[in-house]
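[1] Only the shape, not the letters, is given here:
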């Protein structure tokens, strides 16, 4: 059965009272402005009374991502809540809410201290550059944009020998940045898992972060909630596991995989082949998040 391709969210807006919306590849792609049509779409959804949770796999604290959204004119009145995998990581480091966290030591080696910071602020955790002194690996992603997973092999091998647990603050394997694929924390975690590592993930597609969004949506029926995202490894399977509908936004990763310009309407057969290759079936697809 062919996946419906919509001209805009207006075609299905009556079905939903709330939306969980990805950032990278949906709202923007790292440039200086939001994708065309995004601000108009969010404005119209809010005018209809929809609740919106912006959900990002960024390993940054929520306030940092909020400031970035401000800078691309996605003003705070256009969404109700902002959840980031980085903020969820910090929340767990701060409160140690479960046995896995309570058994951790307090010294972490951070894979990306030059790019990402603040996740241990206010907690009892400290950072080290020496894997021999670490109690755990805090995986925030690569330290430099051009780094590959292989850059972290020696550290990971040493951490595995010491049986260090890993916290992954961004399950994304890779992201399109300035037109090129860049490895994310999930790519490093994938290799650590191959080595037999014990990993705790915060972010999509893991159910825990969707449950956090549902808490913020305050009892809205999940049948009336839709996930809008570009990730066939994160957004779409996460929505399926959470029991909600999903709208695949093709401007991000799917456009590259279908070899079409970002923002172009996908060809139905190509879209179906792509989704079948991931064994996923979104409720519908859109070229961009547009009204």
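    Yep, it's here. All of these numbers come straight from a predicted model, not from anything done at the bench. Residues are numbered from 1 along each chain as shown.
[2] And the strands in the stretch 151-291 of the chain?
    166-168, 174-177, 180-183, 199-201, 225-229, 245-249, 284-286 (DSSP state E, counting those that start in this stretch).
[3] Helix or strand with the lowest mean pLDDT in this structure?
    strand 174-177 (a mean of 72; mean pLDDT, DSSP states H and E).
[4] can you tell which of the strands of the stretch 151-291 of the chain is closest to residue 51?
    When the strands of the stretch 151-291 of the chain are compared by C-beta to C-beta, strand 225-229 sits nearest residue 51, at 8.7 Å. (C-beta placed from N, C-alpha, C; glycine too.)
[5] So which other helices or strands are in contact with that closest one?
    Judged by 3 or more C-beta pairs under 8 Å, 6 or more residues apart in numbering; DSSP states H and E, strand 225-229 is in contact with strand 18-21, helix 235-242, strand 245-249.
[6] what sits against residue 137?
    By C-beta atoms under 8 Å, 6 or more residues apart in numbering, residue 137 lies in contact with 108-109, 111, 131, 155-156, 159, 164-167, 192, 197.
[7] so how far is residue 169 from it?
    11 Å (C-beta to C-beta, to the nearest Å).
[8] quick one on the thing from earlier: and the contacts of residue 137, which of them are in helices?
    155-156, 159, 192 (DSSP state H).
[9] out of those residues, which one sits closest to residue 244?
    Distances from residue 244 to the ones in helices among the contacts of residue 137, taken by C-beta to C-beta, are shortest for residue 192, at 29.6 Å.
[10] So, low pLDDT: which residues of the stretch 1-150 of the chain?
    Of all residues in the stretch 1-150 of the chain, those with pLDDT under 70 make up the ranges 1.
[11] just the strands in it please.
    5-6, 18-21, 51-56, 81-84, 107-110, 126-128, 136-139.
[12] Indicate which one of those strands is closest to residue 208.
    That would be strand 81-84 among the strands of the stretch 1-150 of the chain, by C-beta to C-beta, at 11.0 Å.
[13] Pull up the pairing partners for the closest one, direction included.
    Its sheet considered, strand 81-84 pairs with strand 51-56 (parallel) by DSSP bridges.
[14] in the partner strand, what's buried?
    51-56 (16 or more other C-beta atoms under 10 Å).
[15] Make CSV out of those and add distance to residue 66.
    Formatted as CSV, the buried residues of strand 51-56 follow (distance: C-beta to C-beta, whole Å):
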residue, distance to residue 66
51, 17
52, 13
53, 13
54, 9
55, 13
56, 10
